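> I would like to see how this sequence folds:
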Amino acid sequence: MNKKYPDNYFAHFLEMLAVNYSDKKGRIDLTEENVNDLILLLVFTEGEEKFQELKKELNQIVENKDLPKFKTKEIKEPKQLEFIAEVVLKHR
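Numbering: from 1, shown residues only. Predicted coordinates for the structure are as follows:
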């Protein structure tokens, strides 16, 4: 995926989601509120431009049907990735 999406915005976002919203057993608390909170943190710390780049990359990932390739240890189910993508893409 690094060659296809070299900026790794979405992969980084997923890792940040896992770090901030997983318990000690690796179970992630995946809610719309938590995804939106992470978006706000991203915009606050890295700027609106980085968030727009994330959305642009995520649109490409969805269009290329690559979303299932972004499974992580904490985010294993395609429906979880679809949920995250939906929340990110509808934000602002």
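
> pLDDT below threshold where in the chain?
For the chain, the stretches flagged by pLDDT under 70 are 1.

> so what's the gap between the helix or strand that contains Phe10 and the chain middle?
Using DSSP states H and E, Phe10 sits in helix 9-21. Counting by CA atoms, centre = their mean, to the nearest Å, helix 9-21 is centred 6 Å from the centre of its parent chain.

> contact partners for Tyr5?
Listed by CB atoms under 8 Å, 6 or more residues apart in numbering, the contact partners of Tyr5 are Ala11, Glu57, Gln60, Ile61, Asp66. The C-beta positions use only the backbone N, C-alpha and C, and glycine is treated the same way.

> who wins for neighbours among the residues you listed?
Ile61 (22 neighbours; other CB atoms under 10 Å).

> the helices in the protein, which residues?
Here the chain has its helices, by DSSP state H, at 9-21, 32-46, 48-63, 78-90.

> so the third one versus helix 78-90, what angle?
Helix 48-63 and helix 78-90 meet at an angle of 140 degrees, taking axes from the mean of the first three to the mean of the last three CA atoms, to 10 degrees as the criterion.

> who are the packing partners of helix 48-63?
helix 9-21, helix 32-46, helix 78-90 (3 or more CB pairs under 8 Å, 6 or more residues apart in numbering; DSSP states H and E).

> please identify the most buried of these.
helix 9-21 (a mean of 18; mean count of other CB atoms under 10 Å).

> that one packs against which elements?
Using 3+ CB pairs under 8 Å, 6+ apart, helix 9-21 sits against helix 32-46, helix 48-63, helix 78-90.

> chain center to the first one, what's the gap?
The reference is to helix 32-46. 10 Å.
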